[in-house]
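K.L.:
Provided below are the primary sequence and the corresponding predicted coordinates.
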Amino acid sequence: MTSTAQTIRIDEFGGPEVMKLVALPVGEPGPGQLRIRHHACGLNYIDVYQRTGAYANPLPLVLGMEGAGIVEAVGEGVTHVKPGDRAAYASNPPGAYSEARVMPAMNVVRLPDDIAFDTAAGMMLKGLTVQYLLKKTLPQGGLQPGDHVLFHAAAGGVGLIACQWARHLGLQLIGTAGSDEKCRLALEHGAAHAINYRSEDFVARVKEITGGKGVKVVYDSIGKDTFERSLDCLRPFGLLASFGNASGPVPPFALGTLAAKGSLYVTRATLFTHLASRENTQAMADELFEVVRGETVKVRIAQRYALADVARAHHDLEARQTTGSTVLMP
Ligand SMILES: NC(=O)c1ccc[n+]([C@@H]2O[C@H](COP(=O)([O-])OP(=O)(O)OC[C@H]3O[C@@H](n4cnc5c(N)ncnc54)[C@H](OP(=O)(O)O)[C@@H]3O)[C@@H](O)[C@H]2O)c1
């Protein structure tokens, strides 16, 4: 059966205006694939990098890495989900900005009945990211309850989930955010401290909060604007986990800087290394489902847009006007 689906496609890289709503054919899944009908799609900052061409993909390109809906058909060899199942994913390749799509089944998991589609679309990519950051991207000796970590953009989609999950793990998360209102939101969601990094010197505040010692880990998704100063927030042997570049990519730096600042470690992490096998994907998703179903982590969907309104959604995300998660409704 071939039908068509309303889909957001770009034919060139550029601003939000390059995203066009088009009807595209959706065919049958091949081996290892499935067809899903989306009930909700997630908006992520990576969509901006892909739209602008900062992360290269061949054109034309359908954007979107996160979605939830009903499986309509599965291809040969797919046994972990079946037609009629509720399902959700964070997955390559992009293509979630659509009513329906055919995609690899590997990163698609069954969605528990008590998790709504919009919640799932607001948490799969962001929540799995928090899982691998807080549970697997660790300094020497790991993290123990009471340890301080610094998490930038703490009121954003990834950030609000991180605040709650860190509190659950007993960590003292120091969150940064771009306004006093966002700082309040981070605190309400479990950050132990919040710093408005547009009006305060976050290095000085981190030193003050940690009694001069610094934190064991900085989780930095801002990139260019924060990288150098994030290193200054670390204690000796601390870890800088760079996982995004909302302000632009981190410029090249002298490796010797890490020695001078206390034998520091740096990693540039991505979710998709962790999602390289179906077993890992399922195990990580199970942990996410557990904290969400137990209400340890509440997914705050603060913005909803019709899929056709995606340009406005991108504008608001890039203008730092959103908080928490954003979903697109096909
Ligand atoms: N590597 C991975 O595995 C992975 C996975 C998921 C997400 N990420 C990264 O994690 C970050 C958060 O993703 P998200 O989707 O949840 O987005 P988000 O945090 O909801 O939105 C990005 C936030 O970054 C902050 N920001 C600081 N400087 C900015 C600038 N110059 N332009 C725009 N925003 C700026 C803003 O918060 P303030 O106003 O509070 O500063 C903004 O709200 C992104 O960088 C994303 O690429 C990485």
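P.N.:
Right, received. Where do you want to start? Since the structure is predicted, the reported quantities are computational estimates derived from the model, not experimental observations.
K.L.:
Next one: stretch 226-238, is it in contact with the ligand?
P.N.:
No - shown here: stretch 226-238 not in contact with the ligand (CB under 6 Å from any ligand atom), separated by at least 7.9 Å. Quick note: C-beta positions are derived from backbone N, CA and C, even for glycine.
K.L.:
Nearest residue to the residue in the stretch 101-250 of the chain positioned nearest to the ligand in space, please, no chain neighbours.
P.N.:
Using CB to the nearest ligand atom, the point where the stretch 101-250 of the chain gets nearest to the ligand is residue 156, with a distance of 2.0 Å. For residue 156, ignoring the flanking residues on the chain, the nearest one in space by CB to CB, 6 or more residues apart in numbering is residue 323 at 6.8 Å.
K.L.:
helices or strands up against the longest helix along the chain?
P.N.:
If each helix of the chain is counted by residues according to DSSP state H, the longest one is helix 278-293. The criterion is 3 or more CB pairs under 8 Å, 6 or more residues apart in numbering; DSSP states H and E, and the helices and strands that helix 278-293 contacts are strand 108-110, helix 124-136, helix 157-168.
K.L.:
Packed most tightly, which of the ones you listed would that be?
P.N.:
Counting by mean count of other CB atoms under 10 Å, helix 157-168 has the highest mean neighbour count of these, with a mean of 26.
K.L.:
Residues of this structure that sit close to the ligand?
P.N.:
Going by CB under 6 Å from any ligand atom, the residues of the chain near the ligand are 44-46, 125-126, 129, 153, 155-159, 177-178, 182, 221-222, 225, 243-244, 246-247, 269-271, 317-318, 320, 322.
K.L.:
Mark which of these are buried, thanks.
P.N.:
Among these, the ones that count as buried by 16 or more other CB atoms under 10 Å are 44-46, 125-126, 129, 153, 155-159, 177-178, 182, 221-222, 225, 243-244, 246, 269, 271, 317-318, 320, 322.
K.L.:
can you map out the helices along this protein?
P.N.:
For the chain, the helices defined by DSSP H cover 45-52, 117-121, 124-136, 157-168, 180-188, 202-209, 227-231, 256-260, 271-274, 278-293, 310-318.
K.L.:
Would you format the ones you listed as JSON lines with distance to residue 11 and mean pLDDT included?
P.N.:
Rendered in JSON lines, the data for those read as follows (distance: least, CB to CB, whole Å; pLDDT from 0 to 100):
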{"stretch": "helix 45-52", "distance to residue 11": "12", "mean pLDDT": "98"}
{"stretch": "helix 117-121", "distance to residue 11": "25", "mean pLDDT": "98"}
{"stretch": "helix 124-136", "distance to residue 11": "25", "mean pLDDT": "98"}
{"stretch": "helix 157-168", "distance to residue 11": "27", "mean pLDDT": "98"}
{"stretch": "helix 180-188", "distance to residue 11": "35", "mean pLDDT": "98"}
{"stretch": "helix 202-209", "distance to residue 11": "40", "mean pLDDT": "98"}
{"stretch": "helix 227-231", "distance to residue 11": "33", "mean pLDDT": "98"}
{"stretch": "helix 256-260", "distance to residue 11": "42", "mean pLDDT": "98"}
{"stretch": "helix 271-274", "distance to residue 11": "25", "mean pLDDT": "98"}
{"stretch": "helix 278-293", "distance to residue 11": "31", "mean pLDDT": "98"}
{"stretch": "helix 310-318", "distance to residue 11": "14", "mean pLDDT": "98"}
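K.L.:
any chance of these in CSV, with distance to residue 329 too?
P.N.:
Shown next, in CSV, are those (distance: least, CB to CB, whole Å):
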stretch, distance to residue 329
helix 45-52, 16
helix 117-121, 8
helix 124-136, 16
helix 157-168, 16
helix 180-188, 23
helix 202-209, 36
helix 227-231, 36
helix 256-260, 45
helix 271-274, 24
helix 278-293, 20
helix 310-318, 11
